[in-house]
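Participant: Provided below for reference: sequence and predicted model.
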Amino acid sequence: MSIPGNTSLKSQSSNQSVKSDFSDLNLGFKVITGFLRCQCKGNLLSEIQSKRTDLITFWLVWFSLFYTTFIIYFCLAVRQDCYSIVKLLENNGALFNDWFPIIIVMATVSLIYELILMVFCIICLASGGQVIVSIFHWALLSGILVLCFILTFLVSKYVPHLWTVAFLSLKIFVPFIHVLSLIISTNFSWIFYRHWFKISQKVERIVWMTIWLFTLSIFYMTPLIFNSPFMKANLAPKPGIIALGGASNVAPENTLIAFEKALHLGAAGLYITLHFSKDQVPMIISDSTVDRTTNFRDQKLLVNSQIKNLSVKDIKSLSAGSWFLKFYFPLTTVHPQYAHSFIEDNRRPANLSSLEQLSAAFLPLDAFVDLTIQDYRVLNVTTVMQDVNTKWLFSLAWAAGASYVTTYNVELLKSISIPLFYLDKEIYLTIWVSVDVISIVATTISFLTQKPSS
């Protein structure tokens with residue numbers, strides 16, 4: 001026996017529950033789409049927008065996110081070489097030259113904003129909603145991209161060697177970049193296929209699918225593109241360490257105590273730079289000026305900081321504190337076994353018919369190519385990589401087979417017993433094939449499950 005009243009109450013309760021759930025769903029969409037439009041009003045589920053615009057918006061946010069991430073990675077990778085940028089700004093009369101922290105902060109804030117925007121876009125697309133981005137967000141994303149393009153242009157024009165440093169760092173992190181990129185792209189594939197099947201134009205479908213497959217193929221072949229020297233069966237001997245100006249990170253630069261400290265820490269040799277004074281007296285100092293290591297800017301008697309324009313008397317009148325210049329170099333009597341160990345003659349470059357013409361001993365970063373270094377080792381030519389002050393760069397020089405490195409951080413590099421992220425070639429080959437196969441299978445299943453039935 002049924003009670004009509006109770007049935008009516010149950011029906012009303014059920015309707016209220018469904019209505020409540022639907023209201024909650026609408027509220028969630030209002031919050032999401034309200035953020036994208038910078039407002040929280042209107043039922044955006046009923047608005048009609050082309051799926052073409054959805055994909056364009058998604059890829060714009062994704063490209064902006066990728067570009068900003070690349071800028072942050074680039075800044076962190078070339079941080080040890082920021083001295084060249086500082087010198088460039090100083091030479092051009094810039095009042096402020098420490099732009100590195102500002103760029104990192106701006107890029108990090110932009111990255112956080114783009115990540116939030118990307119999450120909202122994914123939620124909208126995955127829930128079947130429309131990605132309707134306000135003009136404010138379009139303008140902000142465009143501004144971020146413009147700033148990234150400007151920074152890229154300035155680096156390419158004034159300090160292009162920094163691109164070499166960034167590219168070399170990718171050789172170390174390529175296994176992690178490979179796996180991470182495939183995880184991200186595989187998880188996004190079902191969203192892409194879902195909206196790809198809703199595109200009505202055949203030509204447009206072909207274009208988007210071509211872009212997608214091309215992107216996936218790049219991710220799959222990333223290890224071949226970068227050819228990391230870390231994937232080897234045999235590891236070359238650890239490079240010898242040559243101290244730049246002695247142990248200048250723990251002792252006054254270019255002083256006898258710095259030289260002694262470097263040798264005590266285990267440096268294989270010393271690298272010094274000589275500049276001649278106005279009266280042709282050799283000075284052991286790294287810079288061509290006395291600005292950095294003396295109180296030149298605080299005194300008013302001298303107007304020219306170039307060493308070649310200063311006499312010995314002028315230089316001795318300057319106060320360098322603990323960095324006081326030493327004009328006598330009795331190292332040969334203190335450590336005779338290191339006397340005349342490394343003498344570089346830049347006036348006679350190597351001229352090998354099978355190799356590009358480079359310095360016979362010291363290789364700049366632009367010439368730091370794995371195959372080039374291996375060819376030099378076969379010819380029994382000593383190779384020295386200059387200005388290696390971080391663990392990852394020393395690990396790269398070690399894996400590539402460099403004979404020596406020059407550094408300001410002797411103690412840091414001596415503490416490294418094995419290159420960072422070093423993998424056996426067979427182990428990484430197994431990881432590479434496994435990740436690629438899993439990704440291909442997952443994206444194929446995603447394509448088949450999203451395909452609408454006939």
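Facilitator: Structure received.

Participant: Give me the longest helix you can find in this protein.
Facilitator: Using DSSP state H to define each element, the chain has its longest helix at helix 161-196.

Participant: Would you mark the buried spots in whatever helix or strand comes next after that one?
Facilitator: Counting by DSSP states H and E, the next helix or strand C-terminal to helix 161-196 is helix 202-220. Under the neighbour-count criterion of 16 or more other CB atoms under 10 Å, helix 202-220 has 208, 212, 216, 219-220 buried. No exception for glycine: its C-beta is placed from N, CA and C like everyone else's.

Participant: cool, and stretch 257-265?
Facilitator: So for stretch 257-265, counting by 16+ other CB under 10 Å, buried means 258-263, 265.

Participant: now swap in stretch 429-444 and tell me
Facilitator: Buried, per 16+ other CB under 10 Å, within stretch 429-444: 432, 435-436, 439, 442-443.

Participant: now stretch 180-192
Facilitator: 181-182, 185-186, 188-192.

Participant: Likewise for stretch 281-296?
Facilitator: So for stretch 281-296, counting by 16+ other CB under 10 Å, buried means 283-287, 289-290, 292-294, 296.

Participant: Could you dump these into TSV and include secondary structure?
Facilitator: Shown next, in TSV, are the buried residues of stretch 281-296 (DSSP: H, G, I helix; E, B strand; the rest coil):
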residue	secondary structure
M283	strand
I284	strand
I285	coil
S286	coil
D287	coil
T289	strand
V290	coil
R292	coil
T293	coil
T294	coil
F296	helix
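
Participant: Farthest pair within the residues you listed?
Facilitator: Within these, I284 and F296 form the most distant pair, 17.2 Å apart (CB to CB).

Participant: Can you list the low-confidence ranges for the stretch 351-454 of the chain?
Facilitator: 351-377, 453-454 (pLDDT under 70).

Participant: where do the helices sit along it?
Facilitator: Along the stretch 351-454 of the chain, the segments classed as helices by DSSP state H, counting those that start in this stretch run 370-378, 391-400, 410-414, 425-450.

Participant: mind listing the helices for the stretch 51-200 of the chain?
Facilitator: 51-77, 82-91, 100-126, 135-158, 161-196.

Participant: For the last one, name the packing helices and strands.
Facilitator: In this structure, helix 161-196 packs against helix 51-77, helix 100-126, helix 135-158, helix 202-220, helix 222-226, helix 391-400, helix 425-450, with contacts taken as 3 or more CB pairs under 8 Å, 6 or more residues apart in numbering; DSSP states H and E.

Participant: Return the set of buried residues in the third one.
Facilitator: Pointing back at helix 135-158 there. Quick answer for helix 135-158 (16+ other CB under 10 Å): 137, 140-141, 144-145, 147-148, 151, 155.

Participant: and the longest helix of the chain with helix 202-220, angle?
Facilitator: With axes from the mean of the first three to the mean of the last three CA atoms, to 10 degrees as the basis, helix 161-196 and helix 202-220 are set at 130 degrees to each other.

Participant: ok so, going back, which of the helices and strands packed on helix 161-196 comes out lowest on mean pLDDT?
Facilitator: Ranked by mean pLDDT, the helices and strands packed on helix 161-196 bottom out at helix 222-226, which scores a mean of 73.

Participant: Just the CA trace of that helix, in PDB.
Facilitator: The C-alpha trace of helix 222-226 is given here as PDB (Å, rounded to 0.1, in the frame of the first residue of the first chain):
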ATOM      1  CA  THR A 222      64.300  14.300 -27.700                       C
ATOM      2  CA  PRO A 223      67.300  12.000 -26.700                       C
ATOM      3  CA  LEU A 224      68.400  11.900 -30.300                       C
ATOM      4  CA  ILE A 225      68.200  15.600 -30.800                       C
ATOM      5  CA  PHE A 226      70.500  16.500 -27.800                       C
END
